[in-house]
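1. how would this look folded up:
(2 chains)
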Number of protein chains: 2
Amino acid sequence: MINSISGYKSANLIGTKSKTGETNVAVFSSVVHYGSNPPILGFVLRPTTVKRNTYDNILDTKYYTINHINEAIIEDAHHTSAKYPEGISEFDKTELKEEFKNDFYAPFVKQSAVQIGLKHLQSIDIKANGTILILGEITDLHINDAIIEPDGFIDLMKAKTAVVNGLDTYAIPTKNKRLTYQRPK
Amino acid sequence: MINSISGYKSANLIGTKSKTGETNVAVFSSVVHYGSNPPILGFVLRPTTVKRNTYDNILDTKYYTINHINEAIIEDAHHTSAKYPEGISEFDKTELKEEFKNDFYAPFVKQSAVQIGLKHLQSIDIKANGTILILGEITDLHINDAIIEPDGFIDLMKAKTAVVNGLDTYAIPTKNKRLTYQRPK
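-> Numbers count the residues shown, from 1 in each chain, chains lettered A, B, ... in the order given. As a prediction, this is how the structure comes out:
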């Protein structure tokens, strides 16, 4: 229940590659925007998750990717939460396709309409419960042209971008409302 | 554009009350679940936001509320981003209603189906860009019975819970898919 009460969460796949070249992709629902200038995203790693190889790869190689989950890849994205032994890539166990672009070290997820390449900036240990906040600066950004509006707004609805409720429920926003900058009445 | 690329964000109203009794409510899209035991939520305060009185009240009084935004209150919730001078409560300038429960110091938002009372735990300065991560432990929780399923799952869709895309676009998930716990294939 506590997993649902922060509201809907972002649904992303984090892609990494080990020093020895093994790729890895895992679902995360804690990606948050930390700033635009410089562009920084953060995500939270829980000590109980077994997705330590994602973090080990980030520490070892500095680079990782964040890729939006959309309706077509929900099942495969969710399957990356399964606990595979080290040395097995989730790219081999699902229909998710790794994609390498512009010599960026870590793999992007080919099916994602928004693919973000980041360089590790800082890790912060949260004493309250042993989680780790991982901050990265965006160095590469690939967005499907079809979802970019003339003013630069990204239409996540057109991309059928998913959100997460709790641990295992994925939802798709299908109606939206754009409001204006607000001034006092 | 950078505001949209982390994907959809949670849509919440944070309610506080100053030492001298003035209430305050402001929209935040950075609330993230940091752990279930103890139950901890975090949110990010950007140095450029003028919503400093939210933070001042939290530091002064220790208590604040996080309240889900739903379809019916999107416009009023968004209006709390307007820059009102100190001493003017957003509760007076919108149809949002403050609600006090069980002697909890800060106001809940009456129209929210999920109302969370928190005690400030820790603030973390993010050196990379001067933002502040504010962590709080959940001490009070009020959830509309109509959205709690028999197994404890909270049906955010039934509550018409909103998400945020970028700075000013609100979306409502209208279809969802619950998946199972994943094991290796």
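2. check contacts around the closest residue to A:His78 other than its chain neighbours.
-> Nearest in space to A:His78, with sequence neighbours left out and distances taken as CB to CB, 6 or more residues apart in numbering or on different chains, is B:Leu179 at 4.8 Å. Placement of C-beta: from N, CA and C, glycine included. Listed by CB atoms under 8 Å, 6 or more residues apart in numbering or on different chains, the contact set of B:Leu179 reads A:Ile74, A:Glu75, A:His78, A:Asp168, A:Thr169, A:Tyr170.
3. where's A:Ile134 relative to chain B, distance?
-> Applying CB to the nearest CB, to the nearest Å, the value for A:Ile134 to chain B is 12 Å.
4. list the helices and strands the strand or helix carrying that residue packs on?
-> If you go by DSSP states H and E, A:Ile134 is part of strand A:131-143. When contacts are defined as 3 or more CB pairs under 8 Å, 6 or more residues apart in numbering or on different chains; DSSP states H and E, strand A:131-143 sits against strand A:39-45, helix A:52-61, strand A:114-126.
5. Looking at these, spot the one closest to A:Asp92.
-> helix A:52-61 (14.3 Å; CB to CB).
6. Not counting that closest one itself, show me its contacts.
-> Helix A:52-61 is contacted from outside by A:14, A:16-19, A:24, A:26, A:45, A:64, A:86, A:105-106, A:120, A:123, A:132, A:134, A:136, using CB under 8 Å, 6+ apart.
7. show me where pLDDT drops low in chain A?
-> Scanning chain A with the threshold set as pLDDT under 70 gives A:48-51.
8. where exactly do the strands run in it?
-> Listed in chain order, the strands of chain A (DSSP state E) span A:9-10, A:12-17, A:23-28, A:32-36, A:39-45, A:63-68, A:98-99, A:108-109, A:114-126, A:131-143, A:163-165, A:169-178.
9. Let me have these in TSV, extended by distance to B:Tyr8 and mean neighbour count.
-> Listed next are the strands of chain A as TSV, based on distance: least, CB to CB, whole Å; neighbours: other CB atoms under 10 Å in any protein chain shown:
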stretch	distance to B:Tyr8	mean neighbour count
strand A:9-10	6	26
strand A:12-17	10	27
strand A:23-28	14	22
strand A:32-36	11	22
strand A:39-45	14	23
strand A:63-68	9	27
strand A:98-99	23	18
strand A:108-109	17	26
strand A:114-126	11	20
strand A:131-143	15	19
strand A:163-165	5	26
strand A:169-178	7	18
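10. closest to B:Ala113 out of those strands?
-> So among the strands of chain A, strand A:163-165 is nearest, using CB to CB, at 13.1 Å.
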